[in-house]
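Asker: Task: produce atomic coordinates for the following.
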Amino acid sequence: MSMSTRKRMLPVLALAMVLAAAVLAPGCLTGPEAQPTPTFSMKVIGGRQTASAGDNLTFIVLMKNNQPAPDTAAVAVSFMPAGWAVSLSNTTFEFTSLGYRAVYVIVNTTAGSPPGSYEVKLRASSALKSSNTGSATLKVKLVTATRTTDIVSYGNNLQVDYIGYLSDYTVFDTSVREVGSQLAIPKAPMFQSPVENQYQPLAFQQGQGQMIKGFDSGVLGMQVGQSRTLRIEPKDGYGLFETVRINLTESFPMVRNISPLCFTETFGEEPEPNKVVVEPFWGWQVHVLAVSPTAVTVLTLPEPNQVSTPYGWESKVIEVNGTADGGDGRITVRHYPAAGVNATYRAMPAQLTAMTSSYVELTYNIGATKNALALEVLYFSVKIVSLM
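Answerer: Residues are numbered from 1 along each chain as shown. Now for the predicted structure:
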């Protein structure tokens, strides 16, 4: 190529370079447009879940506000399979600038749904913007059991991943690092990170009492890779229950001896002769007759027909007999319980579990003094990792 030819080509090359730059420039009509960042990013923790038809599943979706300004997000279900039910832990979330929040999505699959892949879709709307605000797709694969060797049965050794949470959607325990270490996912007061932050599947033998009853029985029939959410009542969780029988007609001595320490603990006062106090359980007057270093003699003196509610129902004094028991006297009380009453025992909530013409039985949970979870309904999102 001659020098003159090269000089003539320079303007042409320069024009070509300008055109190429225009084609590559963002926003030019001749090239693919770059997708703008949504207002809210929505990430499904753990991804797709495998289940059997009829299982309940828990998804946790981590949301991020991508704006350098506070915003309010409204989250809704935009699609779900016919017959399924989906609920959210909350539908409105307040975000700080570039802040994170977590939404729980409870998916109830329908028994009888055929095996296959399904989707539940969420959409987030912004108080500040009207378009491209955020979405997420929750994927569910329904399967049927193929090999009995992959199904949890009595006595199996297995490994599971789990997320334990309460009815207020706070996590109290988990083997999943992304859940345990994520500050945007609220934690219950009793939550503790594992030693040296070593999150790993939980290994146990089914049916050997190594787990709480509801968890142990809840994994039966599940197969490797399957997920399921377990709802566990206190009686199958960390509760410790006792049952007491109360005769519908009871009698008590009017005069009795108690220790000075017991008197002080019961009435909150030091014993003194002729002092009158109120019995805290029944609401009856108690007169101090005598005090010695080892015993306090008291006379319980309720009003005839006096009504109190020591167990949550009405209890009535039907007789005060001062001549019974050789002149010491006796008090007779009649209880009037009713089904559905909010019963208590020793100031603890109790359930009326049996009622006959002569007695009732109250069951109460004393576990709360030993475990903070004893009174709680527990939820576990469980995935079978392996059978060993």
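Asker: which regions of the stretch 151-300 of the chain lie under the pLDDT threshold?
Answerer: Within the stretch 151-300 of the chain, not a single segment meets pLDDT under 70.
Asker: swap the cut-off to 90 and go again
Answerer: 193-198, 235, 239-242 (pLDDT under 90).
Asker: which residues in it form strands?
Answerer: Secondary structure of the stretch 151-300 of the chain by DSSP state E, counting those that start in this stretch: the strands cover 157-165, 171-174, 202-205, 227-232, 241-247, 249-253, 255-258, 276-278, 285-291, 296-300.
Asker: now the ones you listed as a markdown table including distance to S78?
Answerer: C-beta: built from backbone N, CA, C; applies to glycine. Below are the strands of the stretch 151-300 of the chain laid out as a markdown table (distance: least, C-beta to C-beta, whole Å):
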| stretch | distance to S78 |
| --- | --- |
| strand 157-165 | 25 |
| strand 171-174 | 27 |
| strand 202-205 | 35 |
| strand 227-232 | 22 |
| strand 241-247 | 44 |
| strand 249-253 | 62 |
| strand 255-258 | 68 |
| strand 276-278 | 62 |
| strand 285-291 | 67 |
| strand 296-300 | 67 |
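Asker: To Y336, which of those strands lies closest?
Answerer: Smallest distance to Y336 across the strands of the stretch 151-300 of the chain (C-beta to C-beta): 11.0 Å, for strand 249-253.
Asker: CA atoms only: put the closest one into CSV for me.
Answerer: The C-alpha trace of strand 249-253 is given here as CSV (Å, rounded to 0.1, in the frame of the first residue of the first chain):
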residue,chain,number,x,y,z
THR,A,249,-64.5,-31.7,97.8
GLU,A,250,-61.4,-31.0,99.9
SER,A,251,-61.0,-30.4,103.7
PHE,A,252,-58.2,-28.8,105.6
PRO,A,253,-57.4,-28.4,109.3
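Asker: Show me how this protein divides into domains.
Answerer: Domain ranges of the chain: 40-142, 148-240+373-387, 242-365, per automatic domain parsing.
Asker: Straight-line length of the second one, end to end?
Answerer: Put plainly, it is domain 148-240+373-387. Start and end residues of domain 148-240+373-387 are separated by 11 Å (C-alpha to C-alpha, to the nearest Å).
Asker: got it, and stretch 158-177?
Answerer: By C-alpha to C-alpha, one end of stretch 158-177 lies 19 Å from the other end.
Asker: now stretch 205-215, how far from the centre of its chain.
Answerer: Remark: stretch 205-215 is offset 19 Å from the chain centroid, using C-alpha atoms, centre = their mean, to the nearest Å.
Asker: Can you check which of the strands of the stretch 151-300 of the chain gets nearest to T266?
Answerer: strand 255-258 (7.6 Å).
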